[in-house]
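Colleague: Provided below for reference: sequence and predicted model.
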Amino acid sequence: MSGNHKTTLEKALSADWGTLLQGALDYNVVSHFKPLPPKVMTAVVNYRCNARCAMCNIWQLPKRHEMTVDEFAAVLHDPIFDTVERLTIVGGEVTLRNDLVALARMFVDRFPRLKSLSTISNGFLPERVLTSTEAMLAMTEPRKIGFSISVSLEGLGADHDRVRGVDGAFDKVMQTLDGLQKLRQDHKFWMGVGYTLMHQNLGQARAFQRWAAARDISIGFQPVGFHSSYVSNLDLQDEIDFKPEDQDELIGFMQELGTRRSLIDLSAFFWNDLVRMYRDGAPRTTPCPYNMDGLALDCYGDVYYCLSTPKIGNCLQGQSVSDIYYDPKNLRYRKETMQERICKGCNSSCATETGLKKDVKKYLRFLLTS
Ligand code: SF4
Ligand code: SF4
């Protein structure tokens, strides 16, 4: 049996009941009285990338000094990080950092309550991905911290190379995926591919599903999003966003993804939500930890509640991350602008599983009433 597949009973028994119960209490009661401390965190460890993706401008950003391991460690002395339970390490392309393993070790050692460590790679450098994955598993396994890695793949063969803007990219990703699948013979971790749905590859999504299923590879679909921060891709919207003629195909595909309702895989809630958003113009209802108890920190010291929204401060300019996170002005912005406006139009699948687990009452209502 592969590392990604468990029986329903196995999954139910291994469910993180502590997160479910604490989350229900935090989201439905505690948050009405005080701001929740951050439990979910994204660390952007670089803005350098060896891809030239059609939907992202990170690779074109001017190069600046990225915090070293010691500089990150100094920022992380702040007690606000004591509560972090889930960490995702992203770039740019994370493996372009020669000190990625040392950085990951510093994060893992710093977070006493860490339950999961995730990372994302474009898979262009198989050796580096596999070496760093093995090293991260050696850090997480003794502490029973869950590890997962998602490799970005936006199509098969030349289709992927076109989106990535690099010839031969698909072959490199295949080497990476093969290597990760071999690693899973000796280690327990989640691996899968992330497929950004856009005008250019929507029509190939079902063929991609069949290809991945035949290889026992999980897929995380994500409709393309446009943001002025992080991926900085507002100027690409005209070219890659869905067109009116894509609407039927898009809605039909999302409806299919939304049929897989279960107590274990919570993503059906998100896809049903997206159908209502794209088809009816309805507001998003899927909970998201990044507007409740999430935080993002990048290698320039910029602090965000969420990478899809503007930064809320910089921790290298006199304020600590605590000062910035709990600044009444920023908390007001999170409540009045993010929760009430931006998030209602957000199509991001990022951490939705965690958000739904913490707001489990919403999910149970969905299962019982839809
Ligand atoms: S989407 Fe990812 S792989 Fe592509 S350019 Fe941006 S950071 Fe690099
Ligand atoms: S719903 Fe979207 S914009 Fe709002 S916090 Fe989550 S990812 Fe960010």
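Modeller: Great, that's in hand. Ligands and ions are numbered 1, 2, ... in the order given.
Colleague: just the strands in this protein please.
Modeller: Per DSSP state E, the chain carries strands over the ranges 40-44, 86-90, 116-121, 146-152, 190-197, 218-223, 294-298, 302-304, 313-314.
Colleague: Ligand 2: which of those is closest?
Modeller: Among these, strand 294-298 comes nearest to ligand 2, with 6.8 Å by Cβ to the nearest ligand atom. (C-beta placed from N, C-alpha, C; glycine too.)
Colleague: circling back to that earlier point, need the strands of the chain in a markdown table (columns: mean pLDDT, distance to ligand 1 and mean neighbour count).
Modeller: Shown next, in a markdown table, are those (pLDDT from 0 to 100; distance: least, Cβ to the nearest ligand atom, whole Å; neighbours: other Cβ atoms under 10 Å):
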| stretch | mean pLDDT | distance to ligand 1 | mean neighbour count |
| --- | --- | --- | --- |
| strand 40-44 | 98 | 10 | 23 |
| strand 86-90 | 98 | 8 | 22 |
| strand 116-121 | 98 | 8 | 22 |
| strand 146-152 | 97 | 6 | 21 |
| strand 190-197 | 96 | 8 | 20 |
| strand 218-223 | 95 | 11 | 18 |
| strand 294-298 | 97 | 13 | 25 |
| strand 302-304 | 98 | 16 | 22 |
| strand 313-314 | 98 | 21 | 18 |
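Colleague: Could you export the ones you listed as TSV, including distance to residue 360?
Modeller: Formatted as TSV, the strands of the chain follow (distance: least, Cβ to Cβ, whole Å):
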stretch	distance to residue 360
strand 40-44	16
strand 86-90	16
strand 116-121	17
strand 146-152	19
strand 190-197	21
strand 218-223	21
strand 294-298	17
strand 302-304	26
strand 313-314	32
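Colleague: Can you give the contact residues for stretch 313-325?
Modeller: 35, 38, 67, 75, 78-81, 295, 297, 300-303, 305, 312, 327, 330 (Cβ atoms under 8 Å, 6 or more residues apart in numbering).
Colleague: What about contact with ligand 2: does it have any residue there?
Modeller: No: using Cβ under 6 Å from any ligand atom, stretch 313-325 never reaches ligand 2; the gap is at least 13.9 Å.
Colleague: can you pull the buried residues of that stretch?
Modeller: 313, 315, 320, 321, 324, 325 (16 or more other Cβ atoms under 10 Å).
Colleague: Can you list the low-confidence ranges for the stretch 101-250 of the chain?
Modeller: Within the stretch 101-250 of the chain, no stretch falls below the threshold (pLDDT under 70).
Colleague: Could you pick out the residues of it near ligand 1 for me?
Modeller: 122, 152.
Colleague: The same query, at a cut-off of 8 Å, please.
Modeller: 120, 122, 152, 164, 165, 196, 231 (Cβ under 8 Å from any ligand atom).
Colleague: residues contacting the second one?
Modeller: Just to be clear, that refers to residue 122. 49, 50, 51, 93, 151, 152, 164, 169, 173.
Colleague: which residues are contacting stretch 148-168?
Modeller: So stretch 148-168 is contacted by 50-55, 116-124, 129, 133, 169-170, 173, 176-177, 180, 189-196, 198, 200-201, 204, 207-208, 211, 220 (Cβ under 8 Å, 6+ apart).
Colleague: isn't residue 54 right up against residue 236?
Modeller: Yes: in terms of Cβ atoms under 8 Å, residue 54 counts as a neighbour of residue 236; the distance is 7.0 Å.
Colleague: Where does the stretch 101-250 of the chain get nearest to ligand 1, residue-wise?
Modeller: Here the stretch 101-250 of the chain gets closest to ligand 1 at one residue, residue 122, 3.8 Å apart by Cβ to the nearest ligand atom.
Colleague: can you give me the helices in the stretch 51-200 of the chain?
Modeller: 69-75, 100-110, 126-140, 158-164, 169-183 (DSSP state H, counting those that start in this stretch).
Colleague: gap between the last one and the chain center?
Modeller: By that I understand helix 169-183. Computed by Cα atoms, centre = their mean, to the nearest Å, the chain-centroid distance of helix 169-183 equals 20 Å.
Colleague: Using PDB, write out every CA atom in that helix.
Modeller: Extracted C-alpha coordinates of helix 169-183, given in PDB (Å, rounded to 0.1, in the frame of the first residue of the first chain):
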ATOM      1  CA  ALA A 169      11.300  20.500 -17.200                       C
ATOM      2  CA  PHE A 170       8.800  17.600 -17.400                       C
ATOM      3  CA  ASP A 171      11.600  15.000 -17.600                       C
ATOM      4  CA  LYS A 172      13.300  16.500 -14.500                       C
ATOM      5  CA  VAL A 173      10.000  16.500 -12.600                       C
ATOM      6  CA  MET A 174       9.500  12.800 -13.500                       C
ATOM      7  CA  GLN A 175      13.000  12.000 -12.100                       C
ATOM      8  CA  THR A 176      12.000  13.800  -8.900                       C
ATOM      9  CA  LEU A 177       8.700  12.100  -8.600                       C
ATOM     10  CA  ASP A 178      10.300   8.600  -9.200                       C
ATOM     11  CA  GLY A 179      12.900   9.400  -6.500                       C
ATOM     12  CA  LEU A 180      10.300  10.500  -4.000                       C
ATOM     13  CA  GLN A 181       8.200   7.400  -4.700                       C
ATOM     14  CA  LYS A 182      11.200   5.200  -4.000                       C
ATOM     15  CA  LEU A 183      11.900   7.100  -0.800                       C
END
